[in-house]
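Asker: This is a predicted model, with the sequence first.
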Amino acid sequence: MKPITRKCKICQDKFTPKRSTLEPTCDKYDCKVSYAMKIVEKNKIVKKKEERKKSIEEKKKIRDAITNWKNELQDEINLIVRLIDHDLPCLAKGIYSNQTHAGHIYSRGSNPTIRYNLHNIHRQSAQSNHFQNEDGLLREGLVKEYSQNYMDFISELRRTPKLQYTNQDYHELTLKARKIVSKLKSADKTYNLKQRIELRNQINLELAIYEEEYCVFEY
């Protein structure tokens, strides 16, 4: 039977393995040392990659822990509102604006519990929202466009029980909201009045931040 030969991984000379057919090098001392050093160096690189990956994961955990996911969720909710109310004039001023914000019918400061309820948030120009404090006009515009019944429903939302979520809960809700944003962006539609209410009902229920009675307006 012809002896098995291999090519040395260092010097490239052919040799006959003595202990195992998987021997990587010939019996020359320099080859054995060089190969061993390569293995050590390879292990160091693997270890560094593992440590780097672990460090990145730990930093992400720390970042997630300190991120105020309440505010991140609000940003996504506001974007959902702007996508639902896409291509419509400011509800307070009745004019089109280069920059549309999501205006709260009842402010976050005085009514933090309903800050994420889509029925409490509608399109408003940046100027009207930030600089002119036109919450009164926003409510008047809402009644004119939707109805007094809808305004009464939103007023009743102020009795919504206080939210009892952890930062991790808000993180998970933010991820859900981002998926909804993605769907609305893909649809890229302008919705009529009934559709805007139905979308607010549907998305409120999908997010499940609130109990159903605070999510749905029967139009």
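Answerer: Nice, I can see it.
Asker: and the most centrally placed residue in the chain, what element?
Answerer: Centroid-nearest residue in the chain: residue 175, 3.9 Å away (criterion: CA atoms, centre = their mean). In this structure, residue 175 is located in helix 167-187 according to DSSP states H and E.
Asker: Identify the residues contacting the next helix-or-strand element following that helix?
Answerer: Taking DSSP H and E as the definition, the helix or strand that follows helix 167-187 towards the C-terminus is helix 193-207. Outside helix 193-207, the residues within contact range by CB atoms under 8 Å, 6 or more residues apart in numbering are 80, 84-85, 116-119, 145-146, 150, 173, 176-177, 180, 191, 210, 212, 214-217, 219. The C-beta positions use only the backbone N, C-alpha and C, and glycine is treated the same way.
Asker: can you give me the strands in the protein?
Answerer: Secondary structure of the chain (DSSP state E): strands located at 6-7, 14-15, 100-104, 121-125.
Asker: Please report the distance of residue 56 from residue 49.
Answerer: In this view, residue 56 and residue 49 are 11 Å apart by CB to CB, to the nearest Å.
Asker: Let's test this: name the helix or strand in this structure with the lowest mean pLDDT.
Answerer: Of the helices and strands making up the chain, the lowest-confidence element is helix 29-66, at a mean of 86, by mean pLDDT, DSSP states H and E.
Asker: relative to helix 167-187, how tilted is that helix?
Answerer: Relative orientation of helix 29-66 versus helix 167-187 (axes from the mean of the first three to the mean of the last three CA atoms, to 10 degrees): 90 degrees.
Asker: C-alpha coordinates for stretch 121-136, CSV please?
Answerer: Output in CSV follows, covering the C-alpha atoms of stretch 121-136 (Å, rounded to 0.1, in the frame of the first residue of the first chain):
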residue,chain,number,x,y,z
ILE,A,121,-53.2,63.9,18.2
HIS,A,122,-53.8,65.6,14.9
ARG,A,123,-52.0,67.6,12.2
GLN,A,124,-50.9,71.1,13.1
SER,A,125,-48.4,73.4,11.4
ALA,A,126,-45.1,73.9,13.2
GLN,A,127,-45.8,77.6,13.7
SER,A,128,-49.2,77.0,15.2
ASN,A,129,-48.0,74.2,17.4
HIS,A,130,-44.8,75.7,18.8
PHE,A,131,-45.1,79.4,18.6
GLN,A,132,-48.7,80.5,18.8
ASN,A,133,-50.1,78.1,21.4
GLU,A,134,-53.2,77.6,19.4
ASP,A,135,-54.7,74.6,21.2
GLY,A,136,-58.0,76.4,21.3
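Asker: gap between it and the chain center?
Answerer: 26 Å (CA atoms, centre = their mean, to the nearest Å).
Asker: from here on, count from 858
Answerer: In the new count, where the first residue is 858, that last one comes out as stretch 978-993.
Asker: For that stretch, buried residues please.
Answerer: Buried residues in stretch 978-993, defined by neighbour count with 16 or more other CB atoms under 10 Å: 978, 979, 980, 981, 982, 984, 985, 986, 991, 992.
Asker: Helices - which of the contacts of helix 1050-1064 land there?
Answerer: 937, 941, 1002, 1007, 1030, 1033, 1034, 1037 (DSSP state H).
Asker: Restrict those to the buried ones and give me that as a PyMOL selection.
Answerer: Restricted to the buried members of those, where burial is judged by 16+ other CB under 10 Å, the PyMOL selection command reads as follows:
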select buried, resi 937+941+1007+1030+1033+1034+1037
